[in-house]
Every structure is written in structure tokens, then in C-alpha cells.
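# compute the structure for the input listed below.
(one chain, ligands or ions: 1)
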Amino acid sequence: MTNRRNFLSGAGAITGAVAAASVSKAAMAALPEPVLQARPDTMPPLAPASGRPYNPVVTLNGWTLPWRMNNGVKEFHLVAEPVVREMAPGFKAHLWGYNGQSPGPTIEVVEGDRVRIFVTNKLPEHTSIHWHGQRLPNGMDGVTGLTQPAIQPGKTFVYEFVARRPGTFMYHPHADEMTQMAMGMMGFWVTHPRGKHPLIDEVDRDFVFLLNAYDIEPGSATPKIMTMLDFNLWSWNSRVFPGIDSLNVRLNDKVRIRFGNLTMTNHPMHLHGHEFVVTGTDGGPTPRSTRWHEVTTDVAVGQMRQIEFVADEEGDWAFHCHKSHHTMNAMGHDVPTMIGVDHRDMVKKITKLVPDYMVMGERGMADMTEMEMPIPDNTVPMMGGQGPFGSVEMGGMFSVVKVRRGQKPGDYSNPGWFRHPQGTVAYEFEGQRPEPPRSRSAGAAGMPARDKSASDLEVRIRKPAGRHSGH
Ligand SMILES: [Cu+2]
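Residues are numbered from 1 along each chain as shown. Sure, this is the predicted structure:
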């Protein structure tokens with residue numbers, strides 16, 4: 001097995017993009033050597049070395065799987081296996097994935113390509129792969145028991161079909177799905193149009209990622225696979241902010257971002273500073289008459305969306321799921337709301353017994369970003385991410401679209417923080433603040449409550465203790 005770096009420099013010789021003509025017949029009859037990726041970095045777009053040309057995508061904190069051409073067939077080799085995925089710096093998870101990472105590598109082909117995918121199972125249990133959204137012969141659909149026998153550990157299966165429809169797709173097991181998807185087995189698939197397509201515009205940048213979720217107890221490394229709704233890590237491509245790379249673009253670039261949802265709940269994806277249109281789903285490109293501008297689009301479970309916009313506003317623009325619990329990292333949800341509670345006397349008493357005891361949430365939860373509470377090893381803080389003005393107080397499904405005048409075409413490197421032109425940043429008011437007129441002096445007098453009680457009521461509510469579930 002070669003790693004991708006060797007592969008791309010040509011050192012591995014036999015596999016993939018190396019010209020098929022130089023490889024012997026015997027070698028072509030053998031299984032293509034699998035290409036592995038050891039690092040969670042965003043790899044530059046993989047320009048097609050053989051086959052029809054296309055504009056490659058960039059997988060956020062991921063990579064595209066190289067192929068080899070064998071008699072006009074694009075051959076890929078996926079290896080289902082346990083992997084160690086760095087979900088953020090300082091936090092490694094023990095997941096299952098493909099070819100060294102979770103998610104697996106992105107597969108990019110062109111409409112009309114004949115595709116052969118070898119799938120080797122190195123998991124401790126059987127698996128299969130379903131090619132979500134594809135038109136294909138029924139027996140290639142990857143549903144264990146229904147359309148094929150399971151791929152047993154140690155075995156290799158072959159899938160073969162023509163990529164008939166251009167668009168945005170994904171792949172995932174259709175065998176012990178609950179376990180295998182909770183463990184991170186999934187990948188992205190893009191079928192590029194063959195030539196000009198009336199509904200698919202050319203873009204300058206094309207980013208892809210999958211929305212996934214894990215339940216990993218702070219201090220541990222393996223997801224709890226029985227969790228149904230109460231996940232504690234909301235991730236893009238098995239990364240959580242501040243571990244998710246920024247999407248770096250050039251001012252006035254036409255940008256496409258494609259995402260698919262393999263979690264157990266929907267995600268309203270929200271972009272700051274620009275309006276976008278949804279140009280496609282896993283059903284293909286949408287008719288132009290159905291496209292309208294928005295800044296948030298909801299992606300339901302099992303759905304895919306592709307959005308497009310012209311990045312014509314310079315700056316560092318937040319891009320995130322709008323469910324506020326999904327922009328947080330691992331934490332307990334059974335924490336009582338403490339806003340406004342005065343703990344001072346209680347804390348004194350408790351610290352006599354537990355010297356490290358800390359109170360949290362008295363003034364809101366923002367203190368969590370600066371307090372020095374020890375957290376278990378192999379855990380990311382609940383929220384954080386250092387920005388140019390302090391903590392961003394985010395985690396989970398959050399990243400930044402960086403729009404820069406100086407970014408070169410095709411340069412995906414991180415330009416650093418935006419330098420705001422003078423006078424364009426919100427600032428502290430330092431003048432005199434007049435007392436605002438309150439309702440006491442005007443409004444309420446104009447509209448008095450009927451049957452007002454003699455004294456002000458203070459409502460005390462105690463919610464029944466119960467498990468918090470659902471998002
Ligand atoms: Cu979400």
C-alpha cells in the first residue's frame with residue numbers, strides 16, 4: 001500500500017493515475033493497489049490525469065480517490081477499515097472509515113463513465129456499499145440481503161455501473177447501518193457533467209463535505225453507537241470547529257458548496273454576507289425556475305444540497321448550521337440553567353468538601369471559553385476557536401468562508417484573518433448614555449393591566465427532571 005504523497009509523485013508506479021499503457025496485463029488483471037490517506041488536511045483538487053476533463057472539487061478536510069484506467073473503465077479501490085480520525089487538534093476518535101480516513105475519499109467521475117469499484121472489507125463485521133442517488137442496475141445498489149450477499153471480513157466485492165446522471169451523491173454501507181454510520185462510514189461522490197450542461201454552471205470553486213454526528217464521551221475515543229438523537233459532536237467530514245478548515249476563495253469567484261446529511265436530524269445551513277441559490281439536490285440539478293435567493297437552507301436526513309453564490313463581499317464570513325446546539329462540542333446537556341442564580345454562599349460550603357468545585361453558567365455560558373476547568377484528555381473544549389478579536393465561542397458545525405481580493409485563482413491556502421478597512425468594524429460607544437424612557441414612565445400607564453394583583457407576582461417554576469432528548 002502506498003500513501004497518497006508517494007502515489008502522486010509517481011513513486012508507487014502501479015496504481016491509478018499513472019498511464020495505463022506502462023502497466024502490464026497481469027498487473028491490470030489484479031486488484032488496484034489501494035491508496036491511503038494518513039492526514040485529515042484539506043487536499044488540493046485532484047486534476048484528472050486520465051479520462052474526460054472536468055473541474056475537480058475540494059473536499060473539506062478530505063481528499064479525492066485516484067483511479068486507474070483499465071480498458072476504458074475507471075477503477076477505484078475502497079478499503080473499509082477501522083481508522084483513527086483527528087476530529088480537531090488534540091482530539092482523536094477511533095472510527096470506521098475507508099482508506100485511512102472517515103469519511104472515505106471523494107469519488108469523482110464524469111457523466112457516462114463506466115466505473116468499477118473494488119471494495120475490500122477489513123472491518124470485524126460484514127459490510128456493503130450503497131451508492132446513494134445513482135441510476136444503476138439493481139444488483140449494484142448495495143443493499144445487503146436484498147440485492148447482494150454481505151461482504152464478509154477479509155473479502156473483496158466488485159461494483160460496476162455507468163455514472164448516468166451528473167450531480168451530487170454519496171456512498172455509505174447498507175449493512176448494520178446504525179453501527180456503521182455511527183462509526184463514520186460514508187463518503188462523497190460527484191459525477192461531473194460531460195461538456196456544457198444547461199442546468200450546471202461552471203464555477204471557480206467547488207467544495208464538498210458530509211454532515212455527520214458522533215456521541216463520544218469526553219475523555220474517550222470510540223462513539224457510542226446506540227445513541228439515537230442526543231449526539232454530542234456535530235461534525236463536517238468528521239471534524240469539529242475549530243478543526244474544520246476555512247473555505248478560501250477569491251473575490252468575485254463563483255462558488256459552489258455541496259453537502260449531504262447523514263446524521264439523525266436536519267441542519268439549516270446558514271451563510272453570512274451573501275445570498276445563495278440551491279442549484280441541485282441528490283436528485284440532480286434543479287430547474288432554474290425553482291431557484292430563489294436565501295441565506296439558510298435546511299438539509300433533511302439523507303438529503304444533499306448544492307448551493308451557489310458569487311463571493312463579492314470581502315471578509316471572513318461565518319458559515320454554519322443554525323441550530324445553536326450544533327455549533328457546540330461535547331458537553332452534558334443535563335446541566336441546569338443557572339443564569340441569575342447567586343451561588344456565593346453555596347460555593348463556600350462545597351469547596352470545603354470539594355476544593356476544585358467550580359460554578360458555571362451564572363452569567364450565561366460564555367465563561368466556559370475562558371475558565372480554567374480541567375477537561376479530560378482527548379477532548380475538545382465545548383466551544384472556542386480563537387479569532388482576531390477573541391474567542392469565537394463556537395464548536396461543531398461551524399467554519400468560515402474567507403473572501404479575499406488577493407487570493408490567486410486556484411489557490412486554496414488559508415489567507416489568515418481579514419484586515420478590515422479602517423472604520424468598518426463595530427466599536428465601543430464612549431459618549432454619554434442618556435437614561436431611556438421606560439414603560440413605567442409612559443407605555444404601561446397608557447395601557448394598564450386589568451384586574452392587576454395587589455402585589456407583583458413572582459413565578460417559581462420547577463421543571464420535572466427528565467432526560468433531555470431531541471434537537
Ligand atoms: Cu445542525
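# need the contact list for whatever residue of the stretch 351-471 of the chain ends up closest to the ion.
When scored by C-beta to the ion, the stretch 351-471 of the chain has residue 397 as its residue closest to the ion, at 5.3 Å. The C-beta positions use only the backbone N, C-alpha and C, and glycine is treated the same way. Residue 397 makes contacts with 211, 234-236, 240-241, 267, 320-321, 326-327, as judged by C-beta atoms under 8 Å, 6 or more residues apart in numbering.
# let's see it at 6 Å
234, 236, 320-321, 326-327 (C-beta atoms under 6 Å, 6 or more residues apart in numbering).
# which residue is the nearest non-sequential neighbour of it?
Distances taken as C-beta to C-beta, 6 or more residues apart in numbering place residue 321 nearest to residue 397, at 3.8 Å, with adjacent residues excluded.
# bridge partners for the one you found, pull those for me.
Counting by DSSP bridges, residue 321 forms beta bridges with residue 269.
# what residues sit buried inside stretch 311-326?
Neighbour-count burial for stretch 311-326, with 16 or more other C-beta atoms under 10 Å as criterion, is recorded at 311, 314-321, 323, 325-326.
# of the residues you listed, list those near the ion.
321, 323, 326 (C-beta under 5 Å from the ion).
# tabulate those (JSON lines), appending distance to residue 185 and pLDDT.
Formatted as JSON lines, those follow (distance: C-beta to C-beta, whole Å; pLDDT from 0 to 100):
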{"residue": "321", "distance to residue 185": "22", "pLDDT": "97"}
{"residue": "323", "distance to residue 185": "24", "pLDDT": "95"}
{"residue": "326", "distance to residue 185": "21", "pLDDT": "94"}
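# and of the residues you listed, the nearest to residue 402?
The closest of those to residue 402 turns out to be residue 321 (C-beta to C-beta; 18.8 Å).
# my read: that closest one touches residue 267, true?
Yes. The criterion here is C-beta atoms under 6 Å, and residue 321 meets it with residue 267 at 4.4 Å.
# follow-up on the earlier one: which two in the contacts of residue 397 are spaced the farthest apart?
Using C-beta to C-beta, those span at most 11.3 Å, a distance reached by 236 and 327.
# returning to what we had before: nearest to residue 60, of the ones next to the ion among the buried residues of stretch 311-326?
Closest to residue 60, out of all of these and judged by C-beta to C-beta, is residue 321, at 13.9 Å.
# hey, which helix or strand in this protein has the poorest pLDDT?
Within the chain, no helix or strand scores below helix 4-8, which has a mean of 40 by mean pLDDT, DSSP states H and E.
# tell me the helix or strand right after that one.
The C-terminal neighbour of helix 4-8 among helices and strands, as given by DSSP states H and E, is helix 25-29.
# could you tell me the average pLDDT over that next one, please?
What helix 25-29 shows for mean pLDDT is 81.
# ok, now which ones touch the residue of the stretch 151-300 of the chain found nearest the ion?
Closest residue of the stretch 151-300 of the chain to the ion, C-beta to the ion: residue 267 (3.4 Å). With contacts defined as C-beta under 6 Å, 6+ apart, residue 267 is in contact with 211, 261, 299, 321.
# in CSV: those residues, plus distance to residue 278 and secondary structure.
What follows is those, written out as CSV (distance: C-beta to C-beta, whole Å; DSSP: H, G, I helix; E, B strand; the rest coil):
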residue, distance to residue 278, secondary structure
211, 15, strand
261, 14, strand
299, 10, strand
321, 16, strand
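# of the residues you listed, buried ones?
Buried by 16+ other C-beta under 10 Å: 211, 261, 299, 321, out of these.
# report the closest residue of the stretch 1-150 of the chain relative to the ion.
Here the stretch 1-150 of the chain gets closest to the ion at one residue, residue 60, 15.7 Å apart by C-beta to the ion.
# grab the nearest non-local neighbour of that residue.
Closest residue to residue 60 apart from its sequence neighbours, by C-beta to C-beta, 6+ apart: residue 209 at 4.1 Å.
# could you give the separation of the helix or strand hosting the one you found from the chain centroid?
Assigned by DSSP H and E, residue 209 falls within strand 205-214. Remark: strand 205-214 is offset 4 Å from the chain centroid, using C-alpha atoms, centre = their mean, to the nearest Å.
# part of a helix, is residue 326?
Yes. Counting by DSSP: H, G, I helix; E, B strand; the rest coil, residue 326 is located in a helix.
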